[in-house]
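[1] Sequence below, structure please.
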Amino acid sequence: MDTFHTIAALTLWLCIAGIVYAYAIYPAVLWILARQFGSHAEPAPTPDADLPFVSLLIAAHNEAAVIQQRIENAFNLDYPREKLEIVIASDGSNDATAEIVRRYADRGVRLLDYSVQRGKAAVLNSAMKETRGRIIVLSDANTFTDPGAVRSLIRWFADPGVGAVCGRLILTDPHSGKNADGMYWRYETFLKRLESRLGALLGSNGAIYAIRTELFPEIPDGTIVEDFVIPLLARLQTGCRIIYDESAVAREQSAPDIRGEFRRRVRIGAGDWQAVSMLWPLLNPRQGWVAFTFFSHKVLRWLGPFFLLAAIVLNLLLLGSRFYADMGLAQLSGYSVALLGAAVPKGVPAWKPLRLASLFMSMNLALLFGFFRFIKGPGGGMWKPTRRAEAIERAPDTDSPDAALAAEIAE
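    Below is the predicted model:
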């Protein structure tokens, strides 16, 4: 084998190693590190007299279908009402969102009605200046929070080193209302738990997280994955810790169809690359375990589509070898399995490997499209509500396996 083919073979194996490490080896290494160096201690519940004043901030755009239920859900929180303000920030809604919120003014619900749609990041920047809480709990209009969730989040802030706390989001089936957490979602939850123990949690989930008001960083208005960027910028600027608390539970419907979920993943993929331009200093080894988790869990995953593409191209250059010809056939078979997996029904154990292959390829394809969307330029900061189940009941593909796979894709 000449020098060119030797370099091609070495690069091919590095690409394969990057993918295998990011998805299989990293979780095992993380588990070992969390056991050896992680902390399992949890704070005691905070007495009512010592609870801080908290603002529950919900940014919304055209959420008339759910905003009333969301407010009623907030009233059911097990937190002293005199220490909790509920703030709804309407981002240029042109439906009945603002009108519905105003009906609750006499019950203490504050409406921040921004007339021009600017995107969620811009709305959060503005709304944070008008909230009164020492701690801000951020959530979404289509998220429903368990009664004890805010108490669970707030107890961690008794430690001055804690800057942000992320809760646990449970996905529910849009038709049956049952738990729809797929294997991939459970896998991600497992990683969050370990990273939190190691003091290296990466970002949060926009559906349920809390941050000290004084640590909230003003972010660029076009920021797409603001729930990822905000806590990590706070950590980068102050060195604060980010905690994951599984007992702080919120629930949200999974995407009802895979097409909508794929578009969401493309948008998030663009936001991931955008986040690199803001958070790259976290890769400095001086950041400790965060540098390790950021590179292993995020950066290598975001590079995954390019590893896969390079593996195909390099494999073609090496087809003169019987071994690499067989490897090329294996790659082709893998992509064929992924295509087949998109069509098989859920619930049959024998089909699960096919569905997982389809999930893997869908995620990487979305990341690739997201990269080109990021390169194309700004414009990803605007949002629109996810299509709810009630809005697609008449759609012709409602009973397809897409909805089930969407629950597995969601992150």
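
[2] CA atoms for contacts and neighbours, from now on please.
    OK.

[3] Quick check: closest non-adjacent residue to Gly203.
    Phe228 (4.1 Å; C-alpha to C-alpha, 6 or more residues apart in numbering).

[4] Can you name the residues that contact the one you found?
    Residues counted as contacts of Phe228 (C-alpha atoms under 8 Å, 6 or more residues apart in numbering) are Leu202, Gly203, Ser204, Asn205.

[5] Going by distance to Gln117, which of the residues you listed wins?
    Asn205 (22.5 Å; C-alpha to C-alpha).

[6] Secondary structure element for the nearest residue to Arg151 once chain neighbours are set aside, which one?
    Once flanking residues are discounted, Arg151 sits nearest to Tyr79: 6.5 Å by C-alpha to C-alpha, 6+ apart. In this structure, Tyr79 is located outside every helix and strand according to DSSP states H and E.

[7] now swap in Pro27 and tell me
    Using DSSP H and E, Pro27 falls within helix 26-37.

[8] how distant is that helix from the center of its chain?
    For helix 26-37, the distance from its own C-alpha centre to the chain's C-alpha centre is 22 Å (C-alpha atoms, centre = their mean, to the nearest Å).

[9] following it, which helix or strand comes up?
    Following helix 26-37 in sequence, per DSSP H and E, is strand 54-60.

[10] Give the other helices and strands that that following strand contacts.
    When contacts are defined as 3 or more C-alpha pairs under 8 Å, 6 or more residues apart in numbering; DSSP states H and E, strand 54-60 packs onto strand 84-91, helix 120-128, strand 135-140.

[11] which other residues reach that strand?
    Counting by C-alpha under 8 Å, 6+ apart, strand 54-60 makes contact with 83-91, 93, 120, 123-124, 131-141, all of which sit outside it.

[12] what about burial for these, which qualify?
    Among these, those classed as buried by 16 or more other C-alpha atoms under 10 Å are 84-91, 93, 120, 123-124, 131, 133, 135-141.

[13] now stretch 319-329, how far from the chain's geometric center?
    Its chain's C-alpha centre and that of stretch 319-329 lie 38 Å apart, by C-alpha atoms, centre = their mean.

[14] Same question for stretch 132-145.
    On C-alpha atoms, centre = their mean, the centre of stretch 132-145 falls 16 Å from that of its chain.

[15] okay, how far is it across it, tip to tip?
    21 Å (C-alpha to C-alpha, to the nearest Å).

[16] follow-up on the earlier one: go through the contacts of Phe228 and flag which are in strands.
    Of the contacts of Phe228, none are assigned to strands by DSSP state E.

[17] from these, which is closest to Thr11?
    Nearest to Thr11 among these, with distances taken as C-alpha to C-alpha, is Leu202, at 28.9 Å.

[18] Who are the contact partners of the closest one?
    Lys192, Glu195, Phe228, Leu232, Ile242, Val290, Thr293, Phe294.

[19] Please tell me the pLDDT value assigned to the closest residue to the fourth one other than its chain neighbours.
    With C-alpha to C-alpha, 6+ apart as the measure, Gly203 is the residue that lies nearest to Leu232, at 5.6 Å, once sequence neighbours are left out. Per-residue confidence (pLDDT) for Gly203: 87.

[20] Could you measure from Gly203 over to Gln331?
    For Gly203, the distance to Gln331 - C-alpha to C-alpha - is 34 Å.

[21] Looking at the two, which one has more neighbours?
    More neighbours surround Gly203 than the other of Gly203 and Gln331, with 26 against 16 (other C-alpha atoms under 10 Å).

[22] Wait, that one touches Val225, no?
    No. Under the criterion of C-alpha atoms under 8 Å, Gly203 makes no contact with Val225, lying 9.5 Å away.

[23] can you tell me which residues contact the closest residue to Phe262 other than its chain neighbours?
    Leaving aside its chain neighbours, Phe262 sits nearest to Ala366 (6.5 Å; criterion: C-alpha to C-alpha, 6+ apart). For Ala366, the contact set (C-alpha under 8 Å, 6+ apart) comprises Phe262, Arg263, Arg265, Val266, Gly269.

[24] pLDDT score for Ala366?
    At Ala366, the model reports a pLDDT of 92.

[25] so where does it fall, helix or strand?
    helix 352-376.

[26] With Leu332 instead?
    For Leu332, the element it lies in under DSSP H and E is helix 322-341.

[27] Report all helices and strands that that helix contacts.
    On a contact count with 3+ C-alpha pairs under 8 Å, 6+ apart, helix 322-341 meets helix 304-317, helix 352-376.

[28] in the last one, what counts as buried?
    Applying a neighbour-count criterion of 16+ other C-alpha under 10 Å, one finds 352, 354-359, 361-371, 373-374 buried in helix 352-376.

[29] And for the first one?
    The neighbour-count check on helix 304-317 (16+ other C-alpha under 10 Å) flags Gly304, Pro305, Phe306, Phe307, Leu308, Ala310, Ala311, Ile312, Leu314, Asn315, Leu317 as buried.

[30] hmm, back to that, ranking the helices and strands packed on helix 322-341 by mean pLDDT, which is last?
    When the helices and strands packed on helix 322-341 are compared on mean pLDDT, helix 352-376 scores lowest, with a mean of 89.

[31] so how far is it from its chain's centroid?
    Here helix 352-376 is found 15 Å from its chain centre; the criterion is C-alpha atoms, centre = their mean.
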